[in-house]
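> Build me a model from this:
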Amino acid sequence: MSAPAAHHQLFDTVMGECGVAWNGRGLCGIQLPEIDRGQTELRLAVKCRSTNAEDAPPWVQSVVADVQRYMAGRPIDFSAITVDFEGIDDFRQKLYAALREVPFGQTVTYGELAARLGMTGWEGARDVGEAMGRNPVPVVIPCHRVLAAGKKPGGFSAYGGVATKQKLLALEGVSLDMLPRRAPVPPRLPGL
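Sure, this is the predicted structure:
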């Protein structure tokens, strides 16, 4: 059985131009802003195998409006949006379902999320981190809410990396001290 055709649309947000892709089974992609419009559209089209840009049906227009409101700092619950998980392995489906339960303004660590799925040790945290990097619908599946041990930011695969992750968290009122606090180091004197 062949996959239903995917379509996409770009839209403006206060953080820049984002994209959304959908098919007959549901939402199949969200693209955060890239360096420019062309890169945003290209990455979304390739990621979702979108055949063409198209006017969005009403349910997708509602998703777009919610993402725009979210990017403007309004608390939005994306948990009811139907996401097409076809072709996504069982582990990632369970992980993404668990992550969708982490509410606006809260965070979880890679290890905590792994433990929710019965995984232990650093391998579980690693597997969670790898799955976050492959999330097809960031924001809707809020991978930016997953932090490294010690509440450090960890990685983020969107353009801008950790800085983009920090912006999304800041929209939700979560502030991360990106620099560790340490005593100032005195200048090194020549010969010492």
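> In terms of pLDDT, where does the residue most central in space within the chain sit?
In the chain, the residue lying closest to the centroid (Cα atoms, centre = their mean) is P138, at 2.7 Å. Listed pLDDT for P138 reads 94.
> and if you look at G173?
89.
> And the lowest-mean-pLDDT helix or strand in the chain, what's buried?
Using mean pLDDT, DSSP states H and E, strand 50-53 stands out as the lowest-scoring helix or strand of the chain, at a mean of 82. Neighbour counts over strand 50-53 (16 or more other Cβ atoms under 10 Å) mark S50 as buried. The way it works is simple: take the backbone N, C-alpha and C, and place the C-beta from them, glycine included.
> repeat for stretch 14-27
Within stretch 14-27, the residues scored as buried using 16+ other Cβ under 10 Å are 15-23, 26-27.
> what's the answer for stretch 142-158, then?
The neighbour-count check on stretch 142-158 (16+ other Cβ under 10 Å) flags 142-147, 153-154, 156, 158 as buried.
> What of stretch 58-69?
60, 63-64, 66-68.
> In JSON lines, list those along with secondary structure and pLDDT.
What follows is the buried residues of stretch 58-69, written out as JSON lines (DSSP: H, G, I helix; E, B strand; the rest coil; pLDDT from 0 to 100):
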{"residue": "V60", "secondary structure": "helix", "pLDDT": "96"}
{"residue": "V63", "secondary structure": "helix", "pLDDT": "97"}
{"residue": "V64", "secondary structure": "helix", "pLDDT": "97"}
{"residue": "D66", "secondary structure": "helix", "pLDDT": "97"}
{"residue": "V67", "secondary structure": "helix", "pLDDT": "97"}
{"residue": "Q68", "secondary structure": "helix", "pLDDT": "97"}
